[in-house]
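[1] next one to model:
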Amino acid sequence: MKIAVTYQMGQIFQHFGHTSQFKIYEVNGDTVVSARVVDTNGSGHGALAGFLKDNDVDVLICGGIGGGAQTALTEAGIKLYGGVTGSADAAVVAFISNSLKYNPDVHCDHHDHEHGDEGHTCGEHGCGKH
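    A predicted model of the protein is given here:
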């Protein structure tokens, strides 16, 4: 099994669509066999699910994630464990031991805002609504 974690300096990066790296763990039973950090090479939101699928990832552990990315992961056959914080390595160990604390209803709040002319606050995050 392969487990990917959004990654930044040892910690779980908190915005799936903006992650520049994943740490991908190869797991056999309850043992981590190998782990490597891979760059996303500028892939964003929609392309990241394909990136993970191309790397044969079965499970994603991350912080915040929007609905579109969740759908893309489901379509790619990747199981999501979102709303996780802290050490990437510790999260994988917790996942393997069935003790990972995650939020099954994780949601990235900045995707739920009005896109009218007045009060628009999307900024630079590239929500894909324009």
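
[2] find the least confident helix or strand in the protein, judged by mean pLDDT.
    helix 45-54 (a mean of 87; mean pLDDT, DSSP states H and E).

[3] immediately after that one, which helix or strand?
    Once helix 45-54 ends, the next helix or strand along the chain (criterion: DSSP states H and E) is strand 59-61.

[4] what residues does that next one touch?
    Here strand 59-61 makes contact (CB atoms under 8 Å, 6 or more residues apart in numbering) with 1-6, 12, 16, 52, 73, 78-82, 84, 88, 91-92, 95, 100, 102. Any C-beta I mention is one placed from the backbone N, CA and C, and that applies to glycine too.

[5] what pairs with that strand, parallel or antiparallel?
    Strand 59-61 pairs in its sheet with strand 2-8 (parallel), strand 79-81 (parallel), by DSSP bridges.

[6] hey, where'd the helices end up in this protein?
    45-54, 67-75, 88-96 (DSSP state H).

[7] just put the ones you listed in CSV and tack on mean neighbour count and distance to residue 35.
    Listed next are the helices of the chain as CSV, based on neighbours: other CB atoms under 10 Å; distance: least, CB to CB, whole Å:
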stretch, mean neighbour count, distance to residue 35
helix 45-54, 18, 15
helix 67-75, 16, 20
helix 88-96, 19, 8
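
[8] among those helices, which is nearest residue 26?
    Nearest to residue 26, of all those, is helix 88-96, at 10.6 Å by CB to CB.

[9] what packs against the closest one?
    Applying 3 or more CB pairs under 8 Å, 6 or more residues apart in numbering; DSSP states H and E, one finds that helix 88-96 contacts strand 2-8, strand 11-12, strand 21-28, strand 31-39, strand 59-61.

[10] mind redoing it with 6 Å?
    Under the contact definition 3 or more CB pairs under 6 Å, 6 or more residues apart in numbering; DSSP states H and E, helix 88-96 sits against strand 2-8.
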